[in-house]
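Engineer: Predicted coordinates and the sequence they were generated for:
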Amino acid sequence: MISKNKSKYPSLLDAFELGDRVRRSFKDRSGYREYKGVVLAIDEKGIEIYWDTMNGKYRPNSMDIAFTNCTKNEIFNGNEKFSPIEKDR
């Protein structure tokens with residue numbers, strides 16, 4: 001029997017661990033920014049990230065985000081503003 005709850009995305013608990021460093025980018029008419037942060041919480045619906053670095057600088061004054069809760073779709077596909085989230089090496 002096939003489960004109706006089968007997701008097209010992998011389990012977030014398999015893809016990420018608490019404390020993982022992650023990154024994503026943002027591009028618009030004013031330029032490109034790369035954000036890096038740390039995974040603070042994970043559940044079956046999404047992850048919470050504290051973004052602490054923008055373009056290689058720790059919490060510059062111009063940094064406009066701090067915490068985000070990201071859904072599975074946003075994590076693996078990105079959205080109209082941001083790239084997908086990936087582990088930072």
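Structural biologist: On my side now, so go ahead.
Engineer: need the longest strand for this protein.
Structural biologist: Determined from DSSP state E, the single longest strand within the chain is strand 31-42.
Engineer: What are the buried residues along that one?
Structural biologist: Buried residues in strand 31-42, counted by 16 or more other Cβ atoms under 10 Å: Arg33, Tyr35, Lys36, Gly37, Val38, Val39, Ile42. The C-beta positions use only the backbone N, C-alpha and C, and glycine is treated the same way.
Engineer: and if you look at stretch 72-89?
Structural biologist: Lys72, Glu74, Ile75, Phe76, Gly78, Phe82, Ile85.
Engineer: Give me the residue ranges of this structure where confidence is low.
Structural biologist: Across the chain, the ranges flagged by pLDDT under 70 are 1-7.
Engineer: Going along the chain, name the strands of it.
Structural biologist: Secondary structure of the chain (DSSP E): strands at 21-28, 31-42, 46-54, 57-58, 67-71, 86-87.
Engineer: what comes up buried for the third one?
Structural biologist: Neighbour counts using 16+ other Cβ under 10 Å place Gly46, Ile47, Ile49, Trp51, Thr53, Met54 of strand 46-54 among the buried residues.
Engineer: Report all helices and strands that the longest helix anywhere in the chain contacts.
Structural biologist: The residue-count maximum for a helix in the chain (DSSP state H) belongs to helix 72-77. With contacts taken as 3 or more Cβ pairs under 8 Å, 6 or more residues apart in numbering; DSSP states H and E, helix 72-77 sits against helix 12-15, strand 46-54.
Engineer: Rebuild the ones you listed as JSON lines, extending it with distance to Arg89.
Structural biologist: Formatted as JSON lines, these follow (distance: least, Cβ to Cβ, whole Å):
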{"stretch": "helix 12-15", "distance to Arg89": "15"}
{"stretch": "strand 46-54", "distance to Arg89": "14"}
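Engineer: Can I get the longest helix of the chain in CSV? Just the C-alpha atoms.
Structural biologist: The C-alpha trace of helix 72-77 is given here as CSV (Å, rounded to 0.1, in the frame of the first residue of the first chain):
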residue,chain,number,x,y,z
LYS,A,72,10.2,22.5,3.2
ASN,A,73,9.3,24.1,-0.2
GLU,A,74,11.3,27.2,0.6
ILE,A,75,14.3,25.2,1.9
PHE,A,76,14.6,22.9,-1.2
ASN,A,77,13.3,25.3,-3.9
